[in-house]
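Peer 1: Show me how the following folds:
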Amino acid sequence: MFPEQDELEVSAGMVLQLLQRLAPGVETIWFADFDGIVRPLQVSGNVDDFVDALLSD
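Peer 2: Now for the predicted structure:
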């Protein structure tokens, strides 16, 4: 993610709500293009947990 961008929580909240409503039982993964390491992403929590997971190494 880009720390210089404001309001990551707002964008992440929208993505989280979409994932929770459209695909609640689907395993979600993400990866940053620069490292190519696939990471699991939990979508059952709240926005703060979701943002923490996106920003964690």
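
Peer 1: Can you tell me what sits against the longest helix along the chain?
Peer 2: Among the segments of the chain that qualify as a helix by DSSP state H, the longest is helix 8-22. With contact meaning Cβ atoms under 8 Å, 6 or more residues apart in numbering, helix 8-22 is reached by 1, 26, 28, 43-44, 47-48, 50-51, 54. Bear in mind the C-beta positions are built from the backbone N, C-alpha and C, glycine included.

Peer 1: one more time with 10 Å
Peer 2: Contact with helix 8-22 is made by 1-2, 5, 7, 26, 28, 41-55, as judged by Cβ atoms under 10 Å, 6 or more residues apart in numbering.

Peer 1: Buried by neighbour count, from the residues you listed: which ones?
Peer 2: Neighbour counting by 16 or more other Cβ atoms under 10 Å classes 28, 41, 43, 47, 50-51, 53-54 among the contacts of helix 8-22 as buried.

Peer 1: now, which of the residues you listed sits nearest residue 34?
Peer 2: residue 54 (14.2 Å; Cβ to Cβ).

Peer 1: For that closest one, pull up the helix or strand it's in.
Peer 2: helix 47-55 (DSSP states H and E).

Peer 1: cool, residue 29 as well?
Peer 2: Assigned by DSSP H and E, residue 29 falls in strand 28-30.

Peer 1: Beyond that strand, next helix or strand please.
Peer 2: Going down the chain from strand 28-30, the next helix or strand is strand 39-41, by DSSP H and E.

Peer 1: Low-confidence regions, this structure specifically.
Peer 2: For the chain, the stretches flagged by pLDDT under 70 are 1-7, 32-33, 57.

Peer 1: what do you get if the cut-off is 90, keeping everything else the same?
Peer 2: The chain contains residues with pLDDT under 90 at 1-16, 19-20, 23-57.

Peer 1: which residues touch residue 50?
Peer 2: 9, 12-13, 15-17, 19-20, 28, 41-44.

Peer 1: Any figure for the gap between it and residue 44?
Peer 2: 10 Å (Cβ to Cβ, to the nearest Å).
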